[in-house]
Structure formats: structure tokens, C-alpha cells
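Participant: All I have is the shape, not the residue letters:
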């Protein structure tokens, strides 16, 4: 069974996701933690997260950005700097939609940047897509990508701004 | 030319030989028949003269004709053939020797144009027969036909005959073969007729008429007439007159008339008379010819001299006599000084001087210097006839004769008034320039077209404390701050090479050692052809200004940083607010939806309606927050502009709104031309998304949306258009649609925050573009975006 780790300090968002996943009928195991620090504890198997049967390493991580003590970017950098999680796909899941956050998210190693939807039906669609993403080869069928900020190009635009005249090749 | 005999065979030559032989024979016969009468024999043998003339005219190749003619003549006179052949050879030899001598000593072909030539001719004509006849007479004596006792008499007779024949007949024949050097006017013809008539009458009277028997002196009356003809009527008339006079003399004498008939036949008076007449005529005619040629040469020389003097435009060339009076004048002198020749010749040189100069004795000083040193140069103001003044520059040269005595002065003067005025004007303008330059607060300089400095104002010298001459050329660079020197040189080099205004700032070290900032500006001065003749520049002290500017700049930077800091903290705050505001909205909407999904059966219709309203209000509130945040960000966010393919942007937008298009069953027409535009991809897509969304949203419910999205470019601009078939916008509202929170009266039923077109307008501004709308209510609207074409 695949595991999705959901990191968010807002209990309402955690509840909405749990309820949404229930309604979506997803096949993965949803694990939630309520802060960045706890996410790192979970991922490194500290304390109550030592039992990897109860708390398996996730196959996909949904990560909020704005959290007390340790924000999403710091968690993301930690994930990318630890061997066990270096290649684990991470979706930034935030209320933010501003280009700077999106660019920074991708720069720090996020695979997706998903803006939290206010419509529950969209939320359900997102987690269904996440379910699919975990079992399918993302190179052929990346269902999650359509919810991700397609502003991956914003990053590139920013690069181009420093190198005017360089043509995009992707 | 072939070596050997100077004879080449031709029919023409044979004909000439025959004709010449015939002529010789005829003249020999004439001499033998006509010049023999009453026992007297004339000493004149014209055939000899004819032979000499013929050879001079035709060359040695005609010599055989003489032998032939002489042989035939002798043969017909009954002379035995061997003797005749010997005589013929002798007759031929004489002219050949004469011709040899003449060719050697006289320049041909005209024999009698120079007095010297006439005497040489006489010598040749005498010497040749003298030799040859001695040979001939000697051969006669050896042959036994003559006697040695008679040798002298026979020789003299032959020689005199040949000489006289040559002197009289040869010129008469030859001169007529050459063009006459006299111009025959009717007057000259009349004079000639008179002269010849007088000569004929006198000769008749002297040798055959009343005066024939009286005294031996009369024949000499003929001489003045021959002299007259020789002096006045040219060579042809002269030789003809000589011939005429001699013919009368010979004829009268042969017939026993005239003074010579009474004399002893052996006395040579008649021969002397004829020789004198012939020689006088020839010498005088030659002298006249020579004089004519000399006069014509002098005339040509004078003409050339006149052309030289008159042709030197702008130069007055004339002469003064030894006393300094004007001796010659020219048209250019008249033009420059205004005097006509008759007015000025004989007047003193000082006439041209200004009264001041004349009083100071300048003219006399100039003449004295010229006569002492041979030459004097001068420059100064002179007075024209009309009183106006002009400036001359000239040379006056003393002329001396062979003994060294002063004969006068030659003077060449050039009018340099224009140059002098120009020089004075230049001097004045330079003075003005210096006064101006030295009055300016700036450091003033001028440079040559190649960039070498040739003037630095006293301000520059004062400021740097270094003499001007040390700084000319490129010496001034030493005072330029070492850090700025390379830049200063480069800027100056570029200005000189491109001939464009110099504008550069650099520091110059002052006399106190401290550098100050100067702004150097230099402009090229050009002549009428556009060539740079000079650079004029100033260096303005901008040190204080520069310091103030630097201070200000630092202040501005500091303030800007502060402002930016507070702006970003405001933004951060705004973002936090927006972020945090969105969460409750999201939760309200989510839980309302969950309530509706999971507990709908336990609620009545009214409760469900309330829940829906809560859900929609939350959704709307979230949308509004997002739009406000976006609008605020657009005002200050950094936007990088780059060429963007409009087709790619439009295709991306169409993909993004594909679901909505499908849901509304809209038909979308896609244009053909898609220019590249200067834009930011994200903003361009945002604009197009908003416009597409509007076009889809504001379609009336009764018809399916039909949207045309197209583009065109013209004159460096590109226009993108989104045309719909919606409800349209009333004309009075069309200007307000781009203002924030404006929702049109007829669109209240449609969803939206009222921020969509405001964001479009703001984004277009950030792309340096413009947006607008054209609309026909009820038919549709067209929104357009104009950008720079890439």
C-alpha cells in the first residue's frame, strides 16, 4: 500500500483533506502531521514514528508552506538533503499562488506546486490524481501535473530575465 | 639613300634631263647668236648661270644634261667630236664645283636672303669657273686648238663669261622659283610699273639713245633706280631689274652704242658695271629681307612680351625710367590703378603713393633700395586714380645697361587688397575670440583638425599653474588625472576621428595639486566645404556640482532602499493577510459543501438554500482576494520583457480554458497570422485568459458563444483581438470597463469580481502596451491589445 504524508498546521485543512480523501475513495494510506518539525521527525523515524509499519516512509508528500517554527521551504530542503527522501516526490500544497513562492518551491526541489482549492470537488479531484500518480509511471501519465502551477515556466522566465536573448529550449 | 651615284633612274629624271639639256642648248645658242654682233662678242655667257641655277634647284643628278647640251651645241657648231666632248665635260665640271662650294658654305635653299650669303655666292660663282676654265683652256692649248701665248686672254674671257652669266642669269632664274617675300599691293604694283618704266627709259637713253655717246659716267644713273627697286620691291623685281639693265648694256655695247662701245674691248668696264649693278641689287635686296626678318622677329618677341604682361591678370607690370617716372603701361595696370596710359606715362612713381607715404619719402626709399641692391620688395597701401585705396605687394628691379648705368626700373605689383582685408578681418576676429575666450569662466582651448592643441586660455594656464607652451599638442594630458586619462584620450580620439562633438568628463590637477572634475565639450569648426578647420572647446568646472550630485545620489539611493524596504514589508503584510484570509473562506466553502453532500437529506429546502449561499459567498470572497492581490502585485512587481510567440501564448490560454469552452459549447475561430511580440509570457497569458473568460462569460444565454481570436502586425506594432458575439457594452460605459470594481449594469447576473479588466489594463501597461474595446450593444464586443512587435 502506498503512503501519502500530508503536512499542514491548519486542523481544518487536515480535516477537509481527510474527508475529501474519504469521499474520493483513494487507495493510499493518508498520514497527517501538524508541523514542519513533526514532518521531519516522521521522515527520520524519531520517537513515535520509529515504527515503520505503523508509519511507513511516504511515496508522496503534500507540504504546506506557511507553518510556525519551520516553514515548508525548510522542510523541502531537508527532504532533498536526506538520502531516504531525496527522490520522494513532493507537492507543495499551499494557499499561495504568487510567482515568487512558486519559483522558490521549484527551486528548492518541489515536483508540484498546487494551490489549495476552495472548491471541495476540486480537492477531491486532486487527491484522486495523487492516488493515480503513486501507482502509474509519471513519465507516461502524470495526472497530478494538471493541478500543478503550470508556472514552472515562471522559473524559466526569471532565468531569462537575467540572460536576455537566450531562447527557451523546452 | 643608296650609296654611290646620287642618281636613281626614272622616266621623270630622263624627262628633266632632256628638258634641261634643251634649255642649256637654247641659252648657249642664244649666247652664241644674239650676243655676237658687228664683230663684237659679249663676255656674258648666260648658259653658265643657267647651269648653276639648274643644279642648285635639281641637284647633281641634272649635271649630265649640261654635258649633253654643251656637246650638242659644240657638235652643231662643227667642233670635232672629241674636242666637243672635252668642252662638254669642262662645261659640266664648272657648275658641279660651284654647287659643291655653295652647298658647303651657304644654308639653302634660298640663296639671297642674307647679305653674307650673297657675298659667298659671289665667291663660289667666281672661284669655280676660275679653276675649271684654267683646266679647260689648258686642255685646248695642249690639244693644239689654242696657243699657250693666248692662255691668259682665253682664260680671262671664259672666266668672265661664266662669272657674269652666273651673277646675272642664276639669280634671275632661281629667285623666280621661290615665293616672293613681298606683299604685292596695288600701290606696289604701280610703283613697280613706274620703276621699271624709268629704268627702261634711262637704259634706252644711256645705251641706245641721246645720251649714248656722251661720257662714260651716265651708265651709273641706272644704279639709283636699281637701288630703289631693291629697297622697295623685293627680290624678284630686283633681279629682273638687274637683268633688264644688263641686257640694255650688253645689247647697246654689242651694237656699238653707249659709252662702253667706245672703250677698248679688252678693258673690263662693262663687266664691272654689270657686276656692280647685279651685286648692288642682290646685296640690297638681301639686306632688306634680313631687316624684314629681324623686324618680324622683334615684332613677335614684343607681341609675346605684350601677351605676357597683359595676360598676368591681377599684376600691374610696367617700367620706370631712371628718374622714377612711369615709362610703360599695361591694361592690367590700368585696371588696377585706374589710370589710362596717356594719363600716367611720364608721371612720377610717387603718384601712386598715399600722401602720408609720399611725405615720408617712401617712394624714393624704395627706388634707392632697388638701385642700390638691385631689387626691392614692398607691400603697402596705394591710391587709385579715383582716390580709393588698395594694397599692393610687388618687386621693383633696377635695370642697367652693359656699362652698368641705371636705365630704369621694372616693376611688378600685385593687388592683395582682398587678402590683406581677410588677414585683418582674421586678426580682428582672433582678437575678438581671445577677448571672449579669456572672459569666460571656463578653460578655453582650440585644437588643429588632427587633434593637436594649439591654444590654451590664460584660465587654463592659471588653473594648472603650468605655462601654455608646455601643454600644447598633447602636453595637457599630463595634468589629467591618471585614472581618467585613458578615457579622456579615447573620447578625444573618437571625436576627432568621427568629427563629432566631444563630450567627456575628467579630472584635471590644479596648481595646488588637487584634482577637480571638468566637463570638456568641443565642437569642430568647418569651412564652406565641410572640412574641419579647427576644434573649439571649453572645460567647465563641475566639481562642486558633481559632489552635490554624488551626495544627492547617495541620499536618493538611501531613501529608495528605505521605501523599497517598507514597500516589501507592506507587501508581505498584504500577502500574509490575503493568505490568512483565504483559509477561513476555503474552510467555510469546504465544510458547507460537505454539509450539503453528507447531510442534505436531513435539511429542508430553506436550510439547503442558506448553505448554498454561504458556499457561494465564500467562493466569491476568495476570488476577490486573489484578484486584489494580483492587481496590487501588478503595480510594482518586476516584469521582464522579452520576445514572445503570440501563437504559443494563445494556444496555452485556449488549453487552460478548454473545459469552459466545451461546457459553454462555444465556437472559437483562430487567426492565421501570429506575430512575435515584446511581452512577458505570464502577463500576456493572464490578459488573454481574462479576455477569453469574459467573452465566454458574457455570452447571452440564448445563443452559443462565438469567439474570434486573431492578431495582425503593422509598422512595428502588433494588435491581438478577442471578438465575441455577446451582449456588448453600452457606448457611455465603454471607457469605464477597465476601472477596478466596475460591473456593467447588464451583467449583474454574471459571476465575477469586477477586477478582470482592471487587471488586463494594468498588465498591458506593464507590457508597455495599450488595451481598448469596441462594442455594438446586442451584437458583441471586440477587446484589443496593442504591443510592440518583436
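Facilitator: Noted; the coordinates are in hand. Everything numeric here is computed off the predicted structure, so don't read it as measured data.
Participant: secondary structure element for residue B:310?
Facilitator: Remark: residue B:310 resides in helix B:269-311, with elements defined by DSSP states H and E.
Participant: next SSE after that helix?
Facilitator: Sequence-wise, the next helix or strand downstream of helix B:269-311 (DSSP H and E) is strand B:315-321.
Participant: how far off helix B:269-311 does that next one point, in degrees?
Facilitator: If you take axes from the mean of the first three to the mean of the last three Cα atoms, to 10 degrees, strand B:315-321 sits at 130 degrees to helix B:269-311.
Participant: Give the rounded mean pLDDT of strand B:315-321.
Facilitator: Confidence over strand B:315-321 (mean pLDDT, whole number) is 88.
Participant: what's in contact with it?
Facilitator: For strand B:315-321, the external contacting residues (Cβ atoms under 8 Å, 6 or more residues apart in numbering or on different chains) are B:308-309, B:326-330, B:332-333, B:336-337, B:349, B:367, B:392, B:394, B:396, B:399, B:407-415. All C-beta atoms are positioned from the backbone trio N, CA, C, and that covers glycine.
Participant: which residues touch residue B:97?
Facilitator: By Cβ under 8 Å, 6+ apart, the neighbours of residue B:97 are B:127, B:128, B:131, B:132.
Participant: which SSE is it in?
Facilitator: Element membership for residue B:97 (DSSP H and E) is helix B:81-105.
Participant: Pull out the buried residues from the next helix or strand after that helix.
Facilitator: Toward the C-terminus, helix B:81-105 is succeeded by helix B:115-143 as the next helix or strand (DSSP H and E). By 16 or more other Cβ atoms under 10 Å in any protein chain shown, the buried positions in helix B:115-143 come out as B:115, B:117-118, B:120-122, B:124-126, B:128-130, B:132-133, B:136-137, B:139-141.
Participant: what's the very next helix or strand once past helix B:115-143 packed up against?
Facilitator: Helices and strands here follow DSSP H and E; after helix B:115-143, the next one along the chain is helix B:151-177. Contact here means 3 or more Cβ pairs under 8 Å, 6 or more residues apart in numbering or on different chains; DSSP states H and E; on that basis helix B:151-177 packs against helix B:46-58, helix B:115-143, helix B:222-254, helix B:269-311.
Participant: Mean pLDDT and distance to residue B:579 for the ones you listed - can I get that in TSV?
Facilitator: Conversion of those to TSV gives the following (pLDDT from 0 to 100; distance: least, Cβ to Cβ, whole Å):
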stretch	mean pLDDT	distance to residue B:579
helix B:46-58	88	137
helix B:115-143	86	136
helix B:222-254	87	136
helix B:269-311	87	103
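Participant: of all these, which lies closest to residue B:72?
Facilitator: Proximity to residue B:72 (Cβ to Cβ) singles out helix B:46-58 among those, at 12.0 Å.
Participant: quick one, what contacts the residue nearest to residue B:740 when sequence neighbours are not counted?
Facilitator: Leaving aside its sequence neighbours, residue B:740 sits nearest to residue B:758 (Cβ to Cβ, 6 or more residues apart in numbering or on different chains; 4.0 Å). Contacts of residue B:758 were listed using Cβ under 8 Å, 6+ apart, and they are B:631, B:738, B:739, B:740, B:741, B:742.
Participant: Residue B:67 now?
Facilitator: Contacts of residue B:67 by Cβ under 8 Å, 6+ apart are B:88, B:89, B:91, B:92.
Participant: And the spatially closest residue to residue B:17 that is not a sequence neighbour, which helix or strand is it part of?
Facilitator: Nearest residue to residue B:17 in three dimensions, chain neighbours excluded: residue B:65, at 4.5 Å (Cβ to Cβ, 6+ apart). For residue B:65, the element it lies in under DSSP H and E is helix B:63-76.
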